Structure formats: structure tokens, C-alpha cells
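Undergrad: Model the following, please.
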Amino acid sequence: MIIMMDILLFIPLFIILGFIIGILASLCGLGGGFLVAPILVIVFNYLGIPNGIKFAIGTSLFVVFINSIVSFIRHMKHYENFNIEWKSIIALGITGLVFSKLSSFLVVNYINTYILKKLFGIFLITIGIYLVKSEENRDNYKFYNGSIVHFIVCGVIAGSLAGLFGIGGGITIIPIMSLFKYPIKRVIKITISVVPLISIGGVITYLTANTQNYIYNVGYVSIPIALITVAPIIYSSKLGLHIHQKISPRYLRIILGIILGGVGLVMIY
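TA: From the prediction side, this is the model:
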């Protein structure tokens, strides 16, 4: 088992990581899994942990779950007009929960670590390209109730990727629903509401997985690393609400996109 001293060396990194994803959750409706998972992959590989990518994905999804709950509560308190869209939550959230559970089951029991690492690299490059090229001016789309099919399709994709790669689904829900011509502000509101539901399916699978104790873990979730990463979120998510009105997320997305693309290339090669 990795001794606590090894983990202590990375505490500053985990704190900074938690601080950043807390801001991202409030700014963009993202759980931060797309950033947490690749960094944990690097850390766990450095520590020489067997199946490190599975531990990274499980721990990341646990962090995303807690982060998404904090973000949801923050928005409920901060915005008086934060109305919950039950139709969206039931269709997208329940579908996402089921497929998150299924895909995480495949990762834990069947998918080879080498193949998973390559798939993860391709996924990160794709998300990096999306972040760099995505536009902000999507609020001109006319508001409409939308089709239940849109939410189900989005739930299948978001849930599957959540369980596979340790993300909450926000990074996939936003572009997919934007393609269906939903206003971005409405999409972010929907995302904040459903990410806790989508991520919990995968979290349960990773927590209950049968594995050895390498990093004070329960299943494929390292509890101390997750808690250290989550701790700054309570403050930074509040900070994210304050800066939401003052800066454009455009430059942040470009930087994150470049970083993720680079990490993805490293994983592939």
C-alpha cells in the first residue's frame, strides 16, 4: 500500500485542483471530471499503482459527485429564478444514471487498462478541441420546451462517458444540447441539476468494486485524495459565482482545451 507520506507530497496539487474545479462548476456548469481524471492518472501512474487509471476515474467521479451537489445548492441559494426543470431531470438524469452504471461496470470488470488509457486520450483530445473552438453566443436560440428524445439521447451519451472516463457529464451535455438549439444558459441550468444524478450511478459501481487497498481506497475510490480535492470547492464555487458576471469563460476554455489536448496525446503515445 502507498504510504500516507507519498500522498502528502501531492496535497498542494490536489488543493489547487479542487479550487479550480469549484470555479469551473459555477462558471460553466462543469463538474470538473475532465480535468481531475487526467491529473489523477498521472499521479497514480507516478506512484506505481496497479490499474491506476481505474482508480483515477473512480476517484474523479466521486469528486465530481460532491462538487455537483455543492454547485447545485449554491445556485439554488444564489439565484431566485433557478427553476428546476423536472422533465429534463427525469428524462436526462435517469437515463444518464442507468448508462453511467452500465459503463462503469464495464470498466471495472471487462475493459483492459491499456485500451482504456488510449480511449481516454482520444476523449481528452476531442474535448480539448471542443473547448478551444466552442462559441459563447448561443443565447440567441429561441427558447422552446424541446423533445423528450433530445434529453434521452443526451442522457445515454453523457451517462456512458461519465462511467467510462470519470466525468460528470456536463462537458458532453453542453455541446449536445447546444446542437439541439437550446440556449446555453438553460443548458447550464439543466446540467447543474442532473450531474449529481448521472454521476451517482458510476460512483456506486466504483465504490463497491473488489480491489486491493493501495491508496486508502474503497473500491476504486481513494477517499483521502477525494476529500482533499473536494475541500476547497466549498469556497471556490462561491467565488465562481462572483466572477461569473465579470469575465468571459472563453479564455479559460482555450487554456483548458490546450492542456487537455496535450495530456491526451501523452496518453495515446
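Undergrad: What ranges does this protein have for its helices?
TA: Assigned by DSSP state H, the helices in the chain fall at 4-8, 11-28, 33-46, 52-78, 86-88, 94-109, 113-133, 148-165, 170-179, 184-207, 223-230, 233-243, 250-268.
Undergrad: Would you convert the ones you listed into a markdown table that also reports distance to residue 217, mean pLDDT and mean neighbour count?
TA: For every residue, glycine as well, the C-beta is placed using N, CA and C. As requested, the helices of the chain are arranged in a markdown table below (distance: least, C-beta to C-beta, whole Å; pLDDT from 0 to 100; neighbours: other C-beta atoms under 10 Å):
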| stretch | distance to residue 217 | mean pLDDT | mean neighbour count |
| --- | --- | --- | --- |
| helix 4-8 | 11 | 72 | 12 |
| helix 11-28 | 15 | 80 | 21 |
| helix 33-46 | 10 | 85 | 23 |
| helix 52-78 | 7 | 84 | 24 |
| helix 86-88 | 34 | 78 | 16 |
| helix 94-109 | 13 | 92 | 22 |
| helix 113-133 | 16 | 81 | 17 |
| helix 148-165 | 18 | 88 | 23 |
| helix 170-179 | 25 | 76 | 22 |
| helix 184-207 | 9 | 85 | 25 |
| helix 223-230 | 7 | 90 | 21 |
| helix 233-243 | 20 | 71 | 18 |
| helix 250-268 | 22 | 75 | 17 |
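Undergrad: was I right about residue 202 contacting residue 102?
TA: No - using C-beta atoms under 8 Å, residue 202 is not in contact with residue 102; the gap is 9.3 Å.
Undergrad: which residues do these two both contact?
TA: By C-beta atoms under 8 Å, 6 or more residues apart in numbering, residue 202 and residue 102 have these common neighbours: residue 163.
Undergrad: How much space separates the closest residue to residue 128 other than its chain neighbours from residue 179?
TA: Counting by C-beta to C-beta, 6 or more residues apart in numbering, residue 128 lies nearest to residue 261, which is 3.2 Å off, once chain neighbours are set aside. According to C-beta to C-beta, to the nearest Å, residue 261 and residue 179 sit 21 Å apart.
Undergrad: related to what we said a few turns ago, now render the helices of the chain as TSV, adding distance to residue 213.
TA: Listed next are the helices of the chain as TSV, based on distance: least, C-beta to C-beta, whole Å:
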stretch	distance to residue 213
helix 4-8	13
helix 11-28	19
helix 33-46	14
helix 52-78	11
helix 86-88	40
helix 94-109	16
helix 113-133	18
helix 148-165	23
helix 170-179	31
helix 184-207	13
helix 223-230	11
helix 233-243	26
helix 250-268	26
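Undergrad: quick one: which of the ones you listed is nearest residue 214?
TA: Distance to residue 214, taken as C-beta to C-beta, is lowest for helix 52-78 among the helices of the chain, at 7.2 Å.
Undergrad: now that closest one against helix 11-28, angle please.
TA: 50 degrees (axes from the mean of the first three to the mean of the last three C-alpha atoms, to 10 degrees).
Undergrad: how far does helix 52-78 sit from the chain's center?
TA: 7 Å (C-alpha atoms, centre = their mean, to the nearest Å).
Undergrad: Next, the angle from it to helix 184-207.
TA: Interaxial angle of helix 52-78 relative to helix 184-207 (the same axes, to 10 degrees): 140 degrees.
Undergrad: Can you check what angle separates helix 52-78 from helix 94-109?
TA: Counting by the same axes, to 10 degrees, helix 52-78 lies at 160 degrees to helix 94-109.
Undergrad: let's have the chain start at 893 instead
TA: Yes, from this point I'll number from 893; that puts the last item at helix 944-970.
Undergrad: is it true that residue 909 touches residue 927?
TA: Yes - with contact defined as C-beta under 8 Å, residue 909 counts as touching residue 927 (7.1 Å).
Undergrad: Residue 953: what's its closest spatial neighbour, skipping adjacent residues?
TA: Leaving aside its sequence neighbours, residue 953 sits nearest to residue 1058 (C-beta to C-beta, 6+ apart; 4.5 Å).
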